[in-house]
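Colleague: got a predicted model here, sequence first, then my questions.
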Amino acid sequence: MGKGYAEGPAVEEAQANIERVKEGPVKRKRKAVFGSTPRKHDRHFIGWADEVDQDELFETGKGWGLSVSEIAADAHK
């Protein structure tokens, strides 16, 4: 017969999930490359750091003033 209250690992995990939901969604961050290009001289988003070869952009003159910043992954889709 039940004791009238919940206990055990399943309940502990459920309570932990409730606390995580209260904290809000976890935003995944990703490294983004910003800089200037021949088409757009103002600093702007060029691409994701793991998809853009920054050295090649600079060496070929296709990008300058390059910097890498960590931003929310859904900021530039």
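Modeller: Arrived safely, thanks for sending.

Colleague: what about the strands in the chain?
Modeller: 29-36, 44-48, 64-72 (DSSP state E).

Colleague: which strands and helices lie in contact with the longest one?
Modeller: What it means is strand 64-72. strand 29-36, helix 54-59 (3 or more Cβ pairs under 8 Å, 6 or more residues apart in numbering; DSSP states H and E). The way it works is simple: take the backbone N, C-alpha and C, and place the C-beta from them, glycine included.

Colleague: so can I have TSV of the strands of the chain showing mean neighbour count, distance to G8 and mean pLDDT?
Modeller: Formatted as TSV, the strands of the chain follow (neighbours: other Cβ atoms under 10 Å; distance: least, Cβ to Cβ, whole Å; pLDDT from 0 to 100):
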stretch	mean neighbour count	distance to G8	mean pLDDT
strand 29-36	17	35	95
strand 44-48	16	43	95
strand 64-72	13	37	94
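
Colleague: now the ones you listed in TSV, with distance to P9?
Modeller: As requested, the strands of the chain are exported to TSV (distance: least, Cβ to Cβ, whole Å):
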stretch	distance to P9
strand 29-36	31
strand 44-48	39
strand 64-72	33
